[in-house]
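Student: can't give you the sequence, but here's the structure:
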Ligand SMILES: [Zn+2]
């Protein structure tokens, strides 16, 4: 059993980066295949009540997934598909020490929790 912690990696120029920790890398750069609209209307994201649109979108995705509101994928599917694997998508990686608002990070969290 490998003790490495799965991480989120970035696909650049359509190239999946090599694994930094020996775990398999799975490309998950669009959530569209899970029928999740990975985008929000600009009018919503510019609404001043939404302080951090990317965090808002990631929170919404995670809540919808946990609540069983996303067709064709649920928490069990995520664990089965992604547990113990690194996930790669096209979102820029955050600056060192800053939070990563990519929704794929939420998949990582769900996949690897008990
Ligand atoms: Zn992403």
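Tutor: Okay, I see it. Just so we're clear, the structure is a prediction, and the values are computed from it rather than from any experiment. Numbering: from 1, shown residues only.
Student: low-confidence ranges in this structure?
Tutor: 1-2, 29-49 (pLDDT under 70).
Student: What segments of it are helices?
Tutor: Using DSSP state H, the helices found in the chain span residues 42-45, 53-66, 75-82, 103-112.
Student: As JSON lines, those helices with distance to residue 18 would be great.
Tutor: (C-beta placed from N, C-alpha, C; glycine too.) Conversion of the helices of the chain to JSON lines gives the following (distance: least, Cβ to Cβ, whole Å):
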{"stretch": "helix 42-45", "distance to residue 18": "34"}
{"stretch": "helix 53-66", "distance to residue 18": "26"}
{"stretch": "helix 75-82", "distance to residue 18": "18"}
{"stretch": "helix 103-112", "distance to residue 18": "18"}
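Student: for the ion, what are the nearby residues on the protein?
Tutor: Within the chain, the positions near the ion by Cβ under 5 Å from the ion are 89, 91, 102, 104.
Student: mind checking how far residue 107 is from residue 96?
Tutor: 22 Å (Cβ to Cβ, to the nearest Å).
Student: How about residue 106?
Tutor: Between residue 106 and residue 96 the computed distance is 21 Å (Cβ to Cβ).
Student: These two: which has the busier surroundings?
Tutor: The neighbour comparison of residue 106 against residue 96 (other Cβ atoms under 10 Å) goes to residue 106, with 22 against 5.
Student: For that one, give me its contacts.
Tutor: 58, 61-62, 65 (Cβ atoms under 8 Å, 6 or more residues apart in numbering).
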